[in-house]
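Q: my questions are about this predicted structure, shown below with the sequence.
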Amino acid sequence: MAECGIILAGGFATRLRPLSYTKPKPLFPILGRPVIDWVIEKVSEVAEPVISARYLSYIIRNHVNAKWGGRVRVVEEDRPLGDGGAVVNVIKSLGLRGPVIVANGDVFTDISIREMWDFHKKMGGAVTIALIEVPPEEIGRFGIAVLEGERVKRFVEKPKEPVGSNLANAGIYIFEPEAIAQFPDINSGELKIAKHIIPKLMQKFDIYGYVHRGLWFDIGTHGDYLKANFAALERCNCHREVPGVKIIPPVYIGEGAVVGPGSVLGPYVVIGNGSRLGPNVRIRESVLMDGVVAEAGAYVAKSIIGEGVVLGKWTRVIEAVVADGVYIRDEVLVGRGASIGPNREVEQDVKEGEILP
């Protein structure tokens, strides 16, 4: 087994603002569970998880201590180190000497890290990278690997033109000690695994690509976050009947959530734990995080509603993002493309595309 599984959870998640002003990306819920909990379970298949955190690290630490206790350690970065620098920092801080698994803490996937580990040992290389197929038009968003058999022949970070492959870096790696010994020092500035470490290692070692053909989502944007939840909904088999409520599957209703009579939920709806929806509420193609209150007649479509939000009577939120702790008063309309920053009261309609910080 690997000596350690390093879970990277230090990013600022700028593309998820305003939701990420109060919630670090690894704690964004998928079907009511923070995505980092899904990652911890995967990594635990073959290694003891250790989380590297920086932005809002105290929130991550509090969650990990409450949920996982002493089974998962948290190492905090004292400055932005990049994902590669974070790995070096954990290795030095804990005095690690064996092989390590590295996994992004903001990726939702059904990959089996145990099967990836078995593949890695079978190949006998110093490094294995998990790869996922992406549409050809999206290769510019990722590091792309060109394989020769199962060996990585070429690796291009965010190519601007076709490179003969659409196998993207899935953000999960296995490094043997001889590879780790070649990592640059963190005092040289921020280190990126794909930009600074992989190209250097390719000059000395065989690197193998483990191709995963299942579920994989980087939840880095609002749209990707919704897609990840919707994909999870399609596989969760979590249908639940609520008296007096029409459910159009797939719908997930979290623990302790209450839905009033005459309401219609779905399709593609996630209701967070402890949420309370009044009578005649209509929700479709949306994610409501924990503790949301939607009063009578509220309507939400194609939107993300943050933790602890209160939607007054007959409010309408359409293709918008509402951050944690917002109170939207009765009969207010939040228009398409609008976003509302955390912990504020909204008394008037929010126009299409308007941003309330």
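A: Structure received.
Q: every contact and neighbour count from this point should use C-alpha atoms.
A: Will do.
Q: now the strands for the stretch 151-300 of the chain?
A: 151-157, 167-175, 207-212, 216-218, 246-247, 251-253, 258-259, 264-265, 269-271, 276-277, 282-284, 286-288, 293-294, 299-301 (DSSP state E, counting those that start in this stretch).
Q: Serialize those to a markdown table and add fields for distance to residue 5 and mean neighbour count.
A: Shown next, in a markdown table, are these (distance: least, CA to CA, whole Å; neighbours: other CA atoms under 10 Å):
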| stretch | distance to residue 5 | mean neighbour count |
| --- | --- | --- |
| strand 151-157 | 23 | 18 |
| strand 167-175 | 9 | 24 |
| strand 207-212 | 17 | 23 |
| strand 216-218 | 19 | 18 |
| strand 246-247 | 40 | 17 |
| strand 251-253 | 30 | 26 |
| strand 258-259 | 38 | 20 |
| strand 264-265 | 39 | 23 |
| strand 269-271 | 30 | 29 |
| strand 276-277 | 38 | 23 |
| strand 282-284 | 37 | 22 |
| strand 286-288 | 30 | 28 |
| strand 293-294 | 38 | 26 |
| strand 299-301 | 38 | 22 |
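Q: could you dump the ones you listed to CSV with mean pLDDT and distance to residue 13?
A: Supplementary listing: those in CSV, determined by pLDDT from 0 to 100; distance: least, CA to CA, whole Å:
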stretch, mean pLDDT, distance to residue 13
strand 151-157, 91, 20
strand 167-175, 95, 16
strand 207-212, 96, 25
strand 216-218, 92, 11
strand 246-247, 96, 33
strand 251-253, 97, 25
strand 258-259, 98, 31
strand 264-265, 98, 29
strand 269-271, 98, 22
strand 276-277, 98, 28
strand 282-284, 98, 26
strand 286-288, 98, 18
strand 293-294, 98, 26
strand 299-301, 98, 24
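Q: which among the ones you listed is found nearest to residue 231?
A: strand 216-218 (9.0 Å; CA to CA).
Q: the closest one pairs with which strands, and in what direction?
A: Sheet pairing here is set by DSSP bridges, and for strand 216-218 it gives strand 107-109 (antiparallel).
Q: who are the packing partners of the next helix or strand after the strand it pairs with?
A: Downstream of strand 107-109, the next assigned helix or strand under DSSP states H and E is helix 113-123. Contacts defined by 3 or more CA pairs under 8 Å, 6 or more residues apart in numbering; DSSP states H and E place helix 113-123 against strand 127-133, strand 207-212.
Q: for stretch 184-204, which positions count as buried?
A: 184, 186, 190, 191, 192, 193, 194, 197, 198, 200, 201, 202 (16 or more other CA atoms under 10 Å).
Q: quick one: pLDDT of the fifth one?
A: Among the per-residue scores, residue 192 holds a pLDDT of 89.
Q: where does the record place the domain boundaries for this structure?
A: 4-218, 241-356 (automatic domain parsing).
Q: distance to residue 228 added to those, as TSV?
A: Shown next, in TSV, are the domains of the chain (distance: least, CA to CA, whole Å):
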stretch	distance to residue 228
domain 4-218	6
domain 241-356	11
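Q: indicate which one of these is closest to residue 234.
A: Once the domains of the chain are compared by CA to CA, domain 241-356 is nearest, at 6.3 Å.
Q: centroid-wise, who is the farthest residue in the chain?
A: The C-alpha centroid of the chain is most remote from residue 244, which lies 34.0 Å away (CA atoms, centre = their mean).
Q: relative to residue 315, how far out is it?
A: Distance of residue 244 to residue 315, given as CA to CA, to the nearest Å: 21 Å.
Q: how about residue 80?
A: Taking CA to CA, one finds residue 80 at 41 Å from residue 315.
Q: tell me which of those two has more neighbours.
A: Per other CA atoms under 10 Å, whichever of residue 80 and residue 315 has more neighbours is residue 315, with 23 against 17.
Q: residue contacts, the more buried one?
A: Counting by CA atoms under 8 Å, 6 or more residues apart in numbering, residue 315 makes contact with 297, 298, 299, 328, 329, 330, 331, 332, 333, 334.
Q: phi, psi of it?
A: Here is the backbone geometry of residue 315 (degrees, to the nearest 10): phi -70, psi 160.
Q: so that it lines up with my notes, have the first residue be 322 from now on.
A: New numbering, starting at 322: the last item is residue 636.
Q: distance of it relative to residue 418?
A: 57 Å.
Q: so residue 405, which state does it fall into?
A: Of the three states, residue 405 takes helix under DSSP: H, G, I helix; E, B strand; the rest coil.
Q: for it, give me its contacts.
A: By CA under 8 Å, 6+ apart, the neighbours of residue 405 are 511, 512, 513, 514, 517, 518.
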